[in-house]
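Q: sequence-free structure coming up:
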Ligand SMILES: [Zn+2]
């Protein structure tokens with residue numbers, strides 16, 4: 001609706017030269033000041049207990065630590081401009097001769113990539129049954145979810161092959177990685193053996209797997225030692241999901257559900273968190 005909005009911006013006759021003024025946002029950045037308060041009448045900037053207060057209208061006073069040092073040059077498009085001449089004055093009154101660089105609000109991610117996390121089994125296929133009575137599929141999903149969260153927090157893009165208790169076909173799991181041209185496919189499982197004393201985690205790659213798969217498996221094996229479980233090493237196994245995936249692919253067996261001790265750990269949510277952390281670290285190290 002034309003004409004409904006009264007112009008809030010005062011019309012400047014002959015635009016003030018940018019050589020002579022600086023916007024308050026630029027000032028804040030230049031002197032590492034934090035915008036502490038911003039209302040329709042004033043802006044308060046702070047650094048280490050020192051305060052810059054600016055009344056936001058043309059001719060409004062500029063105070064540093066409650067001492068008036070000058071006035072606002074103009075307001076333009078919601079930005080408040082003060083004379084550039086005030087910058088050195090403000091800087092010296094704040095007590096730091098040189099501007100300190102602003103800390104990065106979010107450290108730039110040093111890793112990039114697309115990872116597909118495959119929680120083994122699901123739905124009609126429970127996987128192994130632990131000696132404590134629960135199913136492998138649930139543990140795989142719980143850990144996979146945490147791995148996914150951790151990777152996403154690190155800026156890595158992740159796709160899970162399943163996010164609930166259902167069964168995507170094995171071909172489909174690999175196809176998800178292939179469609180995304182994933183940098184890494186990691187299938188998460190827990191082992192079982194007729195021998196209840198068998199313990200430890202194992203990494204599988206396909207027979208004739210690429211060097212990239214080998215490297216990823218090595219990175220995971222190293223990282224997973226932080227769980228306290230012992231490693232059974234990197235082994236070859238032509239699992240469906242590994243063979244069908246075009247890119248690097250590793251299958252993780254986190255430990256033995258047929259072993260009372262490891263079955264107890266894998267059921268414990270704190271240990272699941274530790275396991276997820278280890279797997280996420282291994283993946284991150286591989287992508288780095
Ligand atoms: Zn399994």
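A: Nice, thanks for sending it over. Please read all numbers here as calculations on a predicted model, not as lab measurements. Numbers count the residues shown, from 1 in each chain.
Q: Flag every residue of the stretch 1-150 of the chain that's near the ion.
A: By the rule CB under 5 Å from the ion, the part of the stretch 1-150 of the chain lying against the ion is 120, 127. Yep, even glycine has a C-beta here, placed from its N, CA and C like the rest.
Q: those strands in the stretch 1-150 of the chain, which residues are they?
A: Taking DSSP state E, counting those that start in this stretch as the criterion, the stretch 1-150 of the chain carries its strands at 21-23, 34-38, 42-47, 50-55, 61-64, 67-71, 74-76, 79-83, 114-119.
Q: how about those strands in CSV, adding distance to residue 268 and mean pLDDT?
A: Below are the strands of the stretch 1-150 of the chain laid out as CSV (distance: least, CB to CB, whole Å; pLDDT from 0 to 100):
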stretch, distance to residue 268, mean pLDDT
strand 21-23, 55, 93
strand 34-38, 43, 84
strand 42-47, 46, 87
strand 50-55, 50, 89
strand 61-64, 57, 91
strand 67-71, 61, 91
strand 74-76, 60, 91
strand 79-83, 55, 93
strand 114-119, 18, 97
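Q: Could you say which of those strands is packed most deeply?
A: Of all the strands of the stretch 1-150 of the chain, strand 114-119 has the most neighbours on average by mean count of other CB atoms under 10 Å, namely a mean of 26.
Q: Within the sheet, what are the partner strands of that one, with directions?
A: The strands beside strand 114-119 in its sheet (DSSP bridges) come out as strand 157-160 (parallel), strand 184-191 (parallel).
Q: Next, the distance between the ends of stretch 151-166.
A: One end of stretch 151-166 sits 23 Å from the other (CA to CA, to the nearest Å).
Q: And residue 269, how far from residue 189?
A: Using CB to CB, to the nearest Å, residue 269 is found at 18 Å from residue 189.
Q: Who has more neighbours out of those two?
A: Neighbour comparison, residue 269 and residue 189: the larger count goes to residue 189, with 26 against 9 (by other CB atoms under 10 Å).
Q: Any regions of the chain where pLDDT drops low?
A: The chain contains residues with pLDDT under 70 at 1-17, 96-112.
Q: Return the set of buried residues in stretch 214-225.
A: 215-221, 223-224 (16 or more other CB atoms under 10 Å).
Q: Once you drop chain neighbours, what's closest to residue 197?
A: residue 259 (6.8 Å; CB to CB, 6 or more residues apart in numbering).
Q: In contact with the one you found, which residues?
A: Going by CB atoms under 8 Å, 6 or more residues apart in numbering, residue 259 touches 131, 193, 196-199.
Q: quick check: domain ranges of the chain?
A: 21-94, 114-287 (automatic domain parsing).
Q: any idea which of those domains is most buried?
A: Ranked by mean neighbour count under mean count of other CB under 10 Å, the domains of the chain are led by domain 114-287, which reaches a mean of 19.
Q: What's the end-to-end length of that domain?
A: When the termini of domain 114-287 are compared using CA to CA, they are 9 Å apart.
Q: Stretch 67-76 too?
A: 25 Å.
Q: Which helix or strand contains residue 241?
A: Using DSSP states H and E, residue 241 sits in helix 240-244.
Q: Next, the contact list for the closest residue to the ion within the stretch 101-250 of the chain, please.
A: In the stretch 101-250 of the chain, the residue that lies nearest the ion is residue 189 (3.4 Å; CB to the ion). For residue 189, the contacting residues are 120-121, 127, 136, 140, 251-254, by CB under 8 Å, 6+ apart.
Q: try 7 Å
A: If you count contacts by CB atoms under 7 Å, 6 or more residues apart in numbering, residue 189 has them with 120, 127, 136, 140, 251-254.
Q: Distance of it relative to residue 283?
A: Separation of residue 189 from residue 283 (CB to CB): 16 Å.
Q: Can you lay out the strands of the stretch 1-150 of the chain as TSV showing distance to residue 176?
A: Converted to TSV, the strands of the stretch 1-150 of the chain look like this (distance: least, CB to CB, whole Å):
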stretch	distance to residue 176
strand 21-23	48
strand 34-38	44
strand 42-47	49
strand 50-55	54
strand 61-64	58
strand 67-71	62
strand 74-76	51
strand 79-83	48
strand 114-119	6
